[in-house]
Every structure is written in structure tokens, then in C-alpha cells.
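Engineer: Here is a sequence together with a model predicted from it:
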Amino acid sequence: MNTNQPNNQEDQEIDLNHVSKKIGSFFDGIASSIFKGIQFFIRNAILVSVLVLVGFGLGFYLDKTQKSYDNLIIVQPNFGSVDYLYSKVDLIESKIKSRDTVFLKNVVGILRPKRLNKIQIKPIADVYNFIRNTPENFELIKLMADNGDIKKIIEDNVTSKNYSYHTISFVTDRAVVDKEMTEPLLRFLNESDHYKKIQVASLKNIEVKMKQNDTIISQINNVLGSFSTAANASQKSDKLVYYNENTQLNDIIKTKDQLVVEQGIHQINLLGSDKIIKDISTTTNIKKTGLLHGNRKIALPLLFIILYVLVHSFIVFYKKQSLIANESK
């Protein structure tokens, strides 16, 4: 007969009782804490009410007087001007931080510089266009991916600065007009004698290349026309003519196709090359929303109450530890 079975049952009952007591004491502790919290707010109802009213009034005033707007400009830096663009934006940001309103007004051209609170620039990650039609970039991404995390490589400054499009974002405390803020910023970014010279030379090179491509395409069309005429003549003749130039003909057709694609790329480049920093789209006066934007009348009362509770808890803790320290002496 097994005498261990009753003992096992008793041990299990003891463990269950112990666990149930622990759970019960845990919930009792929560209930006690809630009750103490209610008592605390009842005892300090006047002070808490004052904090709520002060926080609400101050938050309401700040919501009315201190607004914040996001503004976005998507730009395309041309002629290798990416680093130039980033340095210009960093310069403006440094002048904003130092509150150099004279520079922002007289040099940049912003009519109301005090409204500008922050400016920054970030690339628009577009790795597909980065490697499209550019085998060198594709091989570069492959090589870098073999030695590290592809996500970090795509977002790395060295790689991301070579993307086609970038977003300039700036924050203002009021709604702005393009003539007062956006247009002066773009004019300032496009003021560079060095890149203007590069722009003129680059546009001439594109035009020369397009003319040469048109000439070559015209010559290829003549060759293909001659071949077509000869082929039609051979079909009408009763003599069999055999052409062994299929390989050369395919190469000519491929060359024409490549030139046509290249001409299309050049035409698109001409459209976007009228400025050193080409503005693609502009979105202004996006009002910020959230707990700290437009809802300070809710955030500040909560903040004041939390701070009051923390200070009160610290004082109670300090007094308790002081008594323990004095008793132990």
C-alpha cells in the first residue's frame, strides 16, 4: 500500500493555499494603494484643484498664442550640389539657433525671421531609382551589402545623399506665405556662382549630346531604310539573295534603341535642370497636433499633478528614512 499519496495531496493543498493567499494579498495591496491615493486627493483637494485650474489656464493661453506649423519642400539637387545643399541648410539652422535674425533677413531674405524655429533636410530613400540604369551604383550596393546590414547602408549618409530627392522641412510659429518664407529660402539655396557655371556647361553638354544622338539615329534610320529597300527588291526578283549580316543588324537596332532611351533621359534632365536646387513640390502650413501641440490645456494640469505627487512622495520617503536613521543611532 502506498503511504506517500496522502502526503502528496496535503502538500498540493498547502501549495494551493499559499498561492491563493499570495494572490489575495496582491489584490489587497492594490486596493489599499487605490484607497490611499483617493484619500490623498481628498485631503489635498484644494491644492489639486488650484493646480488643475492654473495648468488649464496656462495651457489654454499657450495653445492660443504658441502654435506650430510644419512646412515641407521636396527638392532635387543638380550638378553634384548635394553637399552644397546640406551645408546651406545647416548654416540656416545654426543661424536660427543663434537667433541671428539679421543674417536670416538680409542674407537669406526671410521677411519675418523670428517665425522660423527650425529647419532640417533629409533624403528620400529611393534605392530603386538609385540603381536603375546605373550599373555602378548597383554593384556598389551589392558590395556594401556583403559587408554589412543593407538597411543601414541604404540609410547611411554617404549613400542617402546620392538619392535624387530630398525633403527640406522647417517649423514656423504661424502660418506663412510662400513669398515671405519658401521663395526666399529657395533663392538663397540657388545662389552659387560656382554651380551656375557648372549648370551652363552641363546644359550645353546635354544639348550637344542630344544633337549627336539625333544625327546617329538619323544615320541608323538610313541604314535600316537601305536594308529594307534591298530586302523588298530581292523579294520581287526571281533570284535568291542571302544576307549574312543579321548579327550586325541586331547590334544596329539595339544601338538605336539605347540612343532613343538616352534621348528621353536627356529631355527629362533638361526639364529639371533649370535650377541648381530644383523645387519639386511645396507643402506649407501643416498645423501640428498632439498632446504638446494644441492640447497643452490638458497636458499641463496632468504634468502639475504628477510633479506634485512625486514631490510629496519624495518628502514622505525622506521623512520616513530620517526617522529610521535617528532610531538606529
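Structural biologist: Thanks, I have the structure now.
Engineer: Surely Thr167 is within a strand?
Structural biologist: Yes - assigned with DSSP: H, G, I helix; E, B strand; the rest coil, Thr167 falls within a strand.
Engineer: and it, what does it touch?
Structural biologist: If you count contacts by C-beta atoms under 8 Å, 6 or more residues apart in numbering, Thr167 has them with Leu72, Ile73, Ile74, Val75, Ile121, Lys122, Pro123, Ile124. All C-beta atoms are positioned from the backbone trio N, CA, C, and that covers glycine.
Engineer: Please flag which of those sit within strands.
Structural biologist: Leu72, Ile73, Ile74, Val75, Ile121, Lys122, Pro123 (DSSP state E).
Engineer: Specify the beta-bridge partners of the fourth one.
Structural biologist: Under the criterion DSSP bridges, Val75 forms beta bridges with His166, Asp279.
Engineer: And for the fifth one?
Structural biologist: Going by DSSP bridges, Ile121 is paired in beta bridges with Ile168.
Engineer: and it, how many neighbours?
Structural biologist: Ile121 has 21 neighbours, counted by other C-beta atoms under 10 Å.
Engineer: What of the first one?
Structural biologist: Residues contacting Leu72 under the criterion other C-beta under 10 Å number 14.
Engineer: Filter the contacts of Thr167 down to the buried ones, PyMOL style.
Structural biologist: Applied in PyMOL, the following selects the buried portion of these according to 16 or more other C-beta atoms under 10 Å:
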select buried, resi 73+74+75+121+123
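Engineer: now, which of the contacts of Thr167 sits nearest Val171?
Structural biologist: Nearest to Val171 among those: Leu72, at 10.6 Å, using C-beta to C-beta.
Engineer: Please determine how far the closest one is located from Val176.
Structural biologist: Using C-beta to C-beta, to the nearest Å, one obtains 12 Å as the distance from Leu72 to Val176.
Engineer: got any residues that touch both of the two?
Structural biologist: Common neighbours of Leu72 and Val176 (criterion: C-beta under 8 Å, 6+ apart): Thr284.
Engineer: quick one: which of the ones in strands among the contacts of Thr167 is nearest Ile216?
Structural biologist: Val75 (34.3 Å).
Engineer: got the contact list for the closest one?
Structural biologist: Leu85, Tyr165, His166, Thr167, Ile168, Leu189, Ile277, Lys278, Asp279, Ile280.
Engineer: Out of those, who's the most crowded?
Structural biologist: Neighbour count (other C-beta under 10 Å) singles out Ile277 as the most crowded of the contacts of Val75, with 26 neighbours.
Engineer: Quick check: chain neighbours aside, which residue is closest to that one?
Structural biologist: Residue nearest to Ile277 in three dimensions, not counting chain neighbours: Leu189, with 4.4 Å by C-beta to C-beta, 6 or more residues apart in numbering.
Engineer: what's the pLDDT at the one you found?
Structural biologist: Here, the pLDDT recorded for Leu189 equals 93.
Engineer: does Val171 sit in a helix or strand, and which one?
Structural biologist: Using DSSP states H and E, Val171 sits within strand 166-172.
Engineer: Strands of the stretch 51-200 of the chain, start to end?
Structural biologist: For the stretch 51-200 of the chain, the strands defined by DSSP state E, counting those that start in this stretch cover 69-77, 116-123, 166-172.
Engineer: what bits of the stretch 1-150 of the chain have low per-residue confidence?
Structural biologist: Per-residue confidence for the stretch 1-150 of the chain (pLDDT under 70) gives these ranges: 1-22, 24, 26, 28, 63-66, 126-150.
Engineer: can you do 50?
Structural biologist: Within the stretch 1-150 of the chain, the ranges that satisfy pLDDT under 50 run 1.
Engineer: same thing with the stretch 201-329 of the chain?
Structural biologist: 240-244.
Engineer: about what we covered before: of all the strands of the stretch 51-200 of the chain, which one is nearest Ile315?
Structural biologist: strand 116-123 (37.9 Å).
Engineer: what's the closest one packed up against?
Structural biologist: Applying 3 or more C-beta pairs under 8 Å, 6 or more residues apart in numbering; DSSP states H and E, one finds that strand 116-123 contacts helix 82-97, strand 166-172.
Engineer: pull the CA atoms of the last one into PDB?
Structural biologist: By that I understand strand 166-172. Taking Å, rounded to 0.1, in the frame of the first residue of the first chain, the C-alpha atoms of strand 166-172 are listed here in PDB:
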ATOM      1  CA  HIS A 166      15.500  65.300 -50.500                       C
ATOM      2  CA  THR A 167      13.000  66.900 -48.200                       C
ATOM      3  CA  ILE A 168      13.600  70.300 -46.600                       C
ATOM      4  CA  SER A 169      11.400  70.700 -43.500                       C
ATOM      5  CA  PHE A 170      11.100  73.800 -41.500                       C
ATOM      6  CA  VAL A 171       8.900  74.800 -38.500                       C
ATOM      7  CA  THR A 172       7.200  78.100 -38.000                       C
END
